[in-house]
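**Q** What follows is a predicted structure for the sequence shown.
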Amino acid sequence: MLSNLIVIELASVLAGPDVGMFFSELGAKVIKIENKLTGGDVTRNWKLSSEPTENNVSAYFSSVNWNKEYLFLNLSLKEDQEQVYELVKTADIVIANFKPGDDKKLGMNYEKLKSYNPKIIFGEINGYGESNKRAAYDVVLQAETGFMSMNGTPESGPIKMPIALIDVLAAHQLKEGLLLALLQKEKTGKGSKVEVSLYDSALASLKNQATNWLMNKHIPRPIGSLHPNIAPYGETFTTKDNKTIVLAIGSDNQFIKLLEIIGAKKLIENPLYKSNQLRVKNRNQLDNDLTPYFKNFNRAELMEQFIEINIPVGALNNMKEVFENDASKDLILEEEIDGIKTRRVKTVIFKIS
């Protein structure tokens, strides 16, 4: 789709490389510039304890690097800078996420690069905005932008999401901005700079939780998977084969069907559960009353019955179970990098027809 596009990736870790991989999946030629002095992108060495130490490729690195060309340079050397400038002359997009000030020090800022190619589109990810020199880290941003305060349970206290969520959100923002910049270039022939901060990306993703505060001064607290307005929604139950199922019951009709399937018809007439509002009020008791019934079924047979009549219930899957599902097979990309067989999930999952 974008086979004529050339992208220079002056980015490391997750957000910037994720954007680069987005374009490589769409057919663009992506040239990733890595720091020769440090052995490349720092995530090459972010390894699980079970990964071989001698390889210069980690699973973390592989997650956002696919179908790219890798060029190891020392950008503090003039001759290596010149190699980048030559590439920029025929490139369409540059993706960068330098530490504050490093872009100018290394001669890789937008003003410098556009002197070699006025039509270049420069996509920059920073932590807290261009004028803020503070270094940004995902867990710090999840804390400072409210995500951790909402995530977890009353018992656990605040918990971060187990992925670099803010990086992923910022990557999506930059992808959108770069696509619009490409459209503008197609119409006007002009290049541009697209800047995205991790901090702004996090705030923009707070959605209804932000509005709950802005309009009603409501501060959300960690309540685990439970929904504050619906029950049973987010409750989990263990089946006979020691597997877990999660409920997302949103109406009285769904609740009645649920009770019929699990053999708990006697709870239909229980005055504590006659309406959703009452179920929310009495959700702890409801959880206790429902728990024994799930012990009478294996998860697979129960899921089959639920899906048959559109009861919103899901299996709680670990990563092994997720990728044993046939639905995941087409989303896996394989590639050999430095002799290492790597696998990751696609960035591009939309279809255009």
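**A** Yep, that arrived. Residues are numbered from 1 along each chain as shown.

**Q** any chance you could map the strands in the stretch 251-353 of the chain?
**A** Secondary structure of the stretch 251-353 of the chain by DSSP state E, counting those that start in this stretch: the strands cover 313-315, 332-337, 340-345.

**Q** Tell me which of these lies nearest to D167.
**A** Ranking the strands of the stretch 251-353 of the chain by proximity to D167 (C-beta to C-beta) places strand 340-345 first, at 15.1 Å. C-beta: built from backbone N, CA, C; applies to glycine.

**Q** So what's the gap between the closest one and the chain middle?
**A** Centroid displacement of strand 340-345 relative to its chain, using C-alpha atoms, centre = their mean, to the nearest Å, is 18 Å.

**Q** again with stretch 216-231
**A** Per C-alpha atoms, centre = their mean, the centroid offset for stretch 216-231 relative to its chain is 22 Å.

**Q** Likewise for stretch 302-320?
**A** Distance, stretch centre to chain centre, for stretch 302-320: 23 Å (C-alpha atoms, centre = their mean).

**Q** Ok, stretch 83-98 next?
**A** 26 Å.

**Q** List the contacts of that stretch.
**A** 5-13, 15-16, 19-20, 23, 28, 31, 33, 71, 73, 75, 103, 106, 108, 113, 116-117, 119-126, 174, 178, 182, 185 (C-beta atoms under 8 Å, 6 or more residues apart in numbering).

**Q** same check, this time on stretch 338-345
**A** Residues contacting stretch 338-345 (C-beta under 8 Å, 6+ apart): 55-57, 59, 62-64, 66, 328, 331-336.

**Q** if we can go back for a sec, selecting buried members of the contacts of stretch 83-98 in PyMOL, what would you type?
**A** Selection of buried members from the contacts of stretch 83-98 for PyMOL, criterion 16 or more other C-beta atoms under 10 Å:
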select buried, resi 5+6+7+8+9+10+11+12+13+15+16+19+20+23+28+31+33+71+73+75+103+106+108+113+117+120+121+122+123+124+125+126+174+178+182+185
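
**Q** got a list of what the residue nearest to L206 when sequence neighbours are not counted touches?
**A** Nearest non-adjacent residue to L206, counting by C-beta to C-beta, 6 or more residues apart in numbering: G146, 6.2 Å away. By C-beta under 8 Å, 6+ apart, G146 lies in contact with L206, Q209, A210.

**Q** List buried residues within the residues you listed.
**A** Buried among the contacts of G146 by 16+ other C-beta under 10 Å: L206, Q209.

**Q** name the element L203 belongs to?
**A** Assigned by DSSP states H and E, L203 belongs to helix 198-204.

**Q** What average pLDDT does whatever helix or strand comes next after that helix get?
**A** Moving toward the C-terminus from helix 198-204, the next helix or strand (DSSP H and E) is helix 207-216. The average pLDDT within helix 207-216 is 93.

**Q** Can you verify my assumption that N212 contacts R221?
**A** No: N212 is beyond contact range of R221, at 11.5 Å (criterion: C-beta atoms under 8 Å).

**Q** Show me the chain divided up by domain.
**A** 6-205+330-345, 233-316 (the TED database).

**Q** from those, which stretch is densest packed?
**A** Across the domains of the chain, the average number of neighbours (mean count of other C-beta atoms under 10 Å) peaks for domain 6-205+330-345, which reaches a mean of 18.

**Q** Please tell me how far it is from the chain's geometric centre.
**A** Distance, centroid of domain 6-205+330-345 to centroid of chain: 14 Å (C-alpha atoms, centre = their mean).

**Q** which SS state does S3 fall under?
**A** coil (DSSP: H, G, I helix; E, B strand; the rest coil).

**Q** Could you verify that Q81 is part of a helix?
**A** Yes: under three-state DSSP, Q81 sits within a helix.

**Q** gap between it and D103?
**A** 12 Å (C-beta to C-beta, to the nearest Å).

**Q** F122 is in contact with K114, correct?
**A** Yes: with contact defined as C-beta under 8 Å, K114 reaches F122; the gap is 7.1 Å.

**Q** Quick one: low-confidence residue ranges for the stretch 1-150 of the chain.
**A** Of all residues in the stretch 1-150 of the chain, none has pLDDT under 70.

**Q** At which residues are the helices of it located?
**A** 15-25, 59-63, 78-89, 102-105, 110-114, 138-144, 147-150 (DSSP state H, counting those that start in this stretch).

**Q** ok, residues contacting the fifth one?
**A** This means helix 110-114. Outside helix 110-114, the residues that touch it by C-beta under 8 Å, 6+ apart are Y85, V88, V94, D103, K104, I120, F122, E124, G191, K193.
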